[in-house]
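J.: following is a predicted model, sequence given first.
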Amino acid sequence: MDYLVIEGYKTAAEEFSKEADIPPSVDFNSIESRMNIREAVQRGDVEEAIERTNDLNPEILDRNSSLYFHLQQQRLIEHIRHGRIVEALTFAQSELAPRGEENPEFLPELERTMALLAFDSLPGAPPAISELLAPAQRLRTAGELNAAILESLSQGKEAKLTALIRLMAWGESMLAKEDVDFPRVDLRSGLTTGKSSETEPSQAMDVQ
């Protein structure tokens, strides 16, 4: 059930708990609160996400300066995305520059974000700069915040199922390097394939 809880499937987790007669290890309402926060970041409303996080537990951001910087960085990115240049410059000067002075390790990320202002249009920006405006950037920030909330609730940051798949992928890669024949699991079909040497490249386990 931890996969359903960590990934935010509240209804499915509730149903699974009832059907399997497993006492819930968490307050299911906390799942909804956490998903509201994650979804706020994913749609670019970082200010709402910060407010909801502080309502949930203000210590989450107080104790994690890196996470708070990344959330503020995302707010700056959203200003730039929507063409609010004056607001972006003011926000960077008042909120991010002081944090960069206190923590020099944040400066490269701040400089990379400010570099977005040097380009009139997204196609003209180098990939290392333009990727900040990609959906994946929002997902990374949302994922980092989600993991911090889970940690504050004494829950794992990653579902056991996901960790198991990663371990399987690592084990298979090690065996393949040693040229050992072994049955492989095709995650697409859920079936065990033949020996590793008989497995088509398309069937190889691909876990990020």
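T.: Received, thanks.
J.: quick one: the strands in the protein?
T.: Counting by DSSP state E, the chain has strands at residues 183-186, 191-195.
J.: among those strands, which gets the worst mean confidence?
T.: Note on these: strand 191-195 shows the lowest mean pLDDT, a mean of 51.
J.: name the nearest residue to residue 114, sequence neighbours excluded.
T.: Spatial nearest neighbour of residue 114, chain neighbours left out: residue 92 (6.3 Å); criterion: Cβ to Cβ, 6 or more residues apart in numbering. Heads up, the C-betas are built off the backbone N, CA and C, glycines and all.
J.: swap in residue 52?
T.: Counting by Cβ to Cβ, 6+ apart, the residue nearest residue 52 is residue 37, at 4.8 Å.
J.: isn't that neighbour right up against residue 53?
T.: Yes. Applying Cβ atoms under 8 Å, one finds residue 37 in contact with residue 53, separated by 5.7 Å.
J.: tell me where this protein has helices.
T.: Secondary structure of the chain by DSSP state H: the helices cover 2-7, 10-19, 28-42, 46-56, 59-62, 65-81, 85-91, 97-102, 107-114, 127-130, 135-152, 160-177.
J.: may I have the fifth one as PDB, with CA atoms only?
T.: Written as PDB, here are the backbone C-alpha positions of helix 59-62 (Å, rounded to 0.1, in the frame of the first residue of the first chain):
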ATOM      1  CA  GLU A  59       9.400  23.400  10.000                       C
ATOM      2  CA  ILE A  60       9.600  21.600   6.600                       C
ATOM      3  CA  LEU A  61      10.900  24.700   4.900                       C
ATOM      4  CA  ASP A  62      12.600  26.300   7.900                       C
END
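J.: and for residue 37 and residue 53, which residues touch both?
T.: Jointly contacting residue 37 and residue 53 under the rule Cβ atoms under 8 Å, 6 or more residues apart in numbering are 145, 149.
J.: pLDDT at residue 154, what is it?
T.: 71.
J.: likewise for the one 5 residues further on?
T.: Residue 159 is assigned 49 on the pLDDT scale.
J.: just the one 5 residues further on next, same as before
T.: Per-residue confidence (pLDDT) for residue 164: 58.
J.: swap in residue 3?
T.: Reported pLDDT for residue 3: 63.
J.: show me where the chain dips below the pLDDT cut-off.
T.: Counting by pLDDT under 70, the chain contains low-confidence ranges at 1-18, 21, 23-28, 120-123, 155-172, 182, 184-208.
J.: quick one: the residue nearest to residue 114 from residue 101, how far?
T.: Distance of residue 92 to residue 101, computed by Cβ to Cβ, to the nearest Å: 13 Å.
J.: between those two, point out the one with more neighbours.
T.: Between residue 92 and residue 101, counted using other Cβ atoms under 10 Å, residue 92 has the larger neighbour count: 21 against 10.
J.: next up, the contacts around the more buried one.
T.: By Cβ under 8 Å, 6+ apart, the residues touching residue 92 are 76, 110, 113, 114.
J.: just the closest of those to residue 131, please.
T.: Nearest to residue 131 among the contacts of residue 92: residue 113, at 11.2 Å, using Cβ to Cβ.
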